[in-house]
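**Q** Quick check, what structure comes out for this input:
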Amino acid sequence: MNPALATVLCVAGIGGVFWLNRDREAKTSKALWLPVIWLSISCSRMVSQWLEIFDPKTRLPRADAVARYMDGSPLDRLLLTIAFIMAITILTGRKQKVVALLRMNIPIILFLVYCGISATWSDYPDVAFKRWIKALADFSMVLIVLTEQDRTAAIKRLLARTGFVLIPLSILLIKYYPAGRGWSEWGESAYTGVATSKNELGGLCLLIAIACFWQVVQIFKAERRNRQSFISHGIILLMALWVLWSANAVTAMACFSIAACLIVATNLRKLSGRPWLVHLMAFGFITASAASLFLEVGSGIVQQIGRDPTLTGRTDIWKLVIGMTRSPLLGTGFESFWLGSRLDEIWSAYWWHPNEAHNGYIEVFLNLGWLGLFFVLVLFITSYRNVIAAMRRDRAMGSLRLAYCVVAIVYNFTESAIRIMHPVWILFLLVGTAVREDRVPQKERAPQQEPLIAREELSWSR
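**A** Numbers count the residues shown, from 1 in each chain. This next block holds a predicted model:
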């Protein structure tokens, strides 16, 4: 098919799924489009990369490539700064709700404050500070969504508006444009779609597939099934799964399997009033994943899903970068490890120019040290408690939050997602942030629905 014709059909198809999924009763403000744009950029490429005027992996002399990677794009910096200023302006108009959320989420505040302080001992404090501003912008986008009048509708529309555009576009680029295909670190052909690498494409499809699968489950549960919404989410779900399979995104496929199991199980009435089963499943998936990856327990399973004992070369990178750590307690400073002479040394060892450790926890250790890992641990624990509290109020939305929370923990075993403008990190903040009450329209509540989490369990999560 001619690429131009394929593009027209793709745009028409995107319009079609939006039309099928329309919901005139859901009320969200126009401000929601700002987080949608931010998340879409995080899931795909920066604006300058879309315009093909900037690519940090361009085959330049290594010294020039390192310098360009540090400086970034002035166009992207300008646009992201404008978006951040707009977000602050929107949140200023919602001051009362924002202050209430901040008071309930001290662990997130402490983590962000520590990240900002760590920029002072970075070798490149100006670069670290700029990246810290992006981290604040990530959280500000989350606050915009959570301060919407109908928070549940806002979360649904955030995910739908992002996925309904990026997943079809990924298939279009993969099939008809060179920009959708690239090369892996080992010289093999790889699908990239709207993203810049196979792993980033896998992360995008993972998050959207989880959201669509959750929507399909909720439609099946409803007494009056919305066939149009089922068709729209079913189409995008199948597209996302096809891309995951075709791109051979092993980590994303494994995480989707975990999320799907959690969503199905937590929507069963048999789990009502049995919170220990929820905890058992969540910690079981996390423990089993960690044991199979790092303790060689069930190593045959790891090999069967396409991973060798070195996790496709990841363990070699881990040994190298951990050996370069000078301050184990405090790290090199926020988002500062992959800069300057260290980056030049690593790129001289690996021709494919890695810019991450492919492990979120090692990444935190490199940048923020043991103290940073402590803050992340506290953040994960409190976020999980917030998710459990949300399940007591609304089992349906709570199941989606639990899936994203557990997936974020497991995903970081082999990918670096605890970093600025990473979609897995942004959605983790979204589902893990404590809120006073989820406003769910009455039509979405199941009649006489029993709480999944016992009432007395809520007290320890406050």
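
**Q** Counting by contacts, list what the helix or strand harbouring residue 77 packs against.
**A** Secondary structure assigned from DSSP states H and E places residue 77 in helix 74-92. The contact analysis (3 or more C-beta pairs under 8 Å, 6 or more residues apart in numbering; DSSP states H and E) places helix 74-92 against helix 33-43, helix 47-50, helix 125-146. For the C-beta atoms, the positions are set from N, CA and C on the backbone; glycine is no exception.

**Q** can you tell which of those helices is closest to residue 179?
**A** helix 47-50 (9.1 Å; C-beta to C-beta).

**Q** Report the buried residues of that closest one.
**A** Buried residues in helix 47-50, counted by 16 or more other C-beta atoms under 10 Å: 47, 48, 49.

**Q** Including pLDDT and distance to residue 377, could those residues go into CSV?
**A** Formatted as CSV, the buried residues of helix 47-50 follow (pLDDT from 0 to 100; distance: C-beta to C-beta, whole Å):
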residue, pLDDT, distance to residue 377
47, 89, 35
48, 86, 36
49, 85, 34
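
**Q** Could you measure from residue 104 over to residue 393?
**A** Relative to residue 393, residue 104 is positioned 14 Å away (C-beta to C-beta, to the nearest Å).

**Q** Look at those two and report which has more neighbours.
**A** More neighbours surround residue 393 than the other of residue 104 and residue 393, with 17 against 14 (other C-beta atoms under 10 Å).

**Q** What ranges does the chain have for its strands?
**A** With DSSP state E applied, the chain shows strands at 181-183, 189-191, listed in chain order.

**Q** Need these in JSON lines (columns: mean pLDDT).
**A** Conversion of the strands of the chain to JSON lines gives the following (pLDDT from 0 to 100):
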{"stretch": "strand 181-183", "mean pLDDT": "72"}
{"stretch": "strand 189-191", "mean pLDDT": "80"}
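
**Q** deepest of those, which one?
**A** Among the strands of the chain, strand 189-191 has the highest mean neighbour count (mean count of other C-beta atoms under 10 Å), at a mean of 17.

**Q** Off-centre distance for it?
**A** In terms of C-alpha atoms, centre = their mean, to the nearest Å, the centre of strand 189-191 is found 22 Å from the chain centre.

**Q** which residues make contact with it from outside it?
**A** Applying C-beta atoms under 8 Å, 6 or more residues apart in numbering, the contact partners of strand 189-191 are 170, 174, 180-184, 197-198, 201, 243, 246-247.

**Q** Between the residues you listed, which sits nearest residue 80?
**A** residue 197 (20.4 Å).

**Q** Take the strands of the chain and lay them out in a markdown table including distance to residue 284.
**A** Formatted as a markdown table, these follow (distance: least, C-beta to C-beta, whole Å):
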| stretch | distance to residue 284 |
| --- | --- |
| strand 181-183 | 36 |
| strand 189-191 | 32 |
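
**Q** Was I right to think residue 45 contacts residue 193?
**A** No - counting by C-beta atoms under 8 Å, residue 45 stays clear of residue 193, with 10.0 Å between them.

**Q** neighbour-wise, which of the two wins?
**A** The residue with more neighbours, out of residue 45 and residue 193, is residue 193; 33 against 22, by other C-beta under 10 Å.

**Q** if we can go back for a sec, most tightly packed of the helices and strands packed on helix 74-92?
**A** The highest average neighbour count among the helices and strands packed on helix 74-92, using mean count of other C-beta under 10 Å, belongs to helix 33-43 at a mean of 22.
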